[in-house]
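Peer 1: I'll drop the sequence and a predicted model, then ask my questions.
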Amino acid sequence: MKIDEQFELIHFHDASIDSVSRDDGDLVLNISGAFLSSNHPQSNGKDWSIEKAELRFEYVSEEVAKFWDDTKAPKPHPEPEFPLDEIMEAKYENGYYMFSGFKNTVPWSEWYIKSAYFIFNISAANEYSS
């Protein structure tokens, strides 16, 4: 399944970023543990628990990675190429895809990605039933 619209309707809370790669101006995240609800227009009217997917940001023009080791202000991330591995929040705002969460459980990290668009290629998913 390929998702390429309404990023805000893909739920990444508690999802893992298993790996990060860069390819000719694109940024590729391998994701596990996301969720796609039936209210997304590309979900075929079903809720999906996503086991494995590739999230590709095409034509990335900027990346900013920050981390917090106190409550005063963010600092440049010491590992900007792979700043977080557990997503707590993901959103699209002011032209940036923003992820926040943890890298190896601490500290709090934020990752801002400016990209022309995204493609979420789901390779393994199960229909979710509550």
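Peer 2: Everything's here; your move.
Peer 1: show me the contacts for residue 8.
Peer 2: When contacts are counted by CB atoms under 8 Å, 6 or more residues apart in numbering, residue 8 touches 91, 92. For the C-beta atoms, the positions are set from N, CA and C on the backbone; glycine is no exception.
Peer 1: So it: helix, strand or coil?
Peer 2: Secondary structure state of residue 8, per DSSP: H, G, I helix; E, B strand; the rest coil, is helix.
Peer 1: confidence score at it?
Peer 2: In the prediction, the pLDDT value recorded for residue 8 is 93.
Peer 1: Quickly note the distance from it to residue 62.
Peer 2: According to CB to CB, to the nearest Å, residue 8 and residue 62 sit 20 Å apart.
Peer 1: and if you look at residue 98?
Peer 2: Distance from residue 98 to residue 62, by CB to CB: 12 Å.
Peer 1: so what sits against both of the two?
Peer 2: Once CB under 8 Å, 6+ apart is applied, the residues that residue 98 and residue 62 both contact turn out to be 112, 113.
Peer 1: Low-confidence ranges, this protein, go.
Peer 2: 130 (pLDDT under 70).
Peer 1: can you do 80?
Peer 2: Along the chain, segments meeting pLDDT under 80 span 70-71, 106-107, 129-130.
Peer 1: picking that back up, ok, residue 98 and residue 62, which is more surrounded?
Peer 2: Neighbour count, other CB atoms under 10 Å: between residue 98 and residue 62, residue 98 has more, with 15 against 10.
Peer 1: Please verify my assumption that that one contacts residue 87.
Peer 2: No. Taking contacts as CB atoms under 8 Å, residue 98 lies outside contact range of residue 87: 10.4 Å.
Peer 1: give me the number of residues near residue 99?
Peer 2: 24.
Peer 1: what about it, which SS state?
Peer 2: Going by three-state DSSP: residue 99 is strand.
Peer 1: quick one: it from residue 128, how far?
Peer 2: Where residue 128 is concerned, residue 99 sits at a distance of 22 Å (CB to CB).
Peer 1: again with residue 110
Peer 2: Taking CB to CB, one finds residue 110 at 28 Å from residue 128.
Peer 1: Which of those two has more residues huddled nearby?
Peer 2: Using other CB under 10 Å, the more surrounded residue of residue 110 and residue 128 is residue 110, with 18 against 14.
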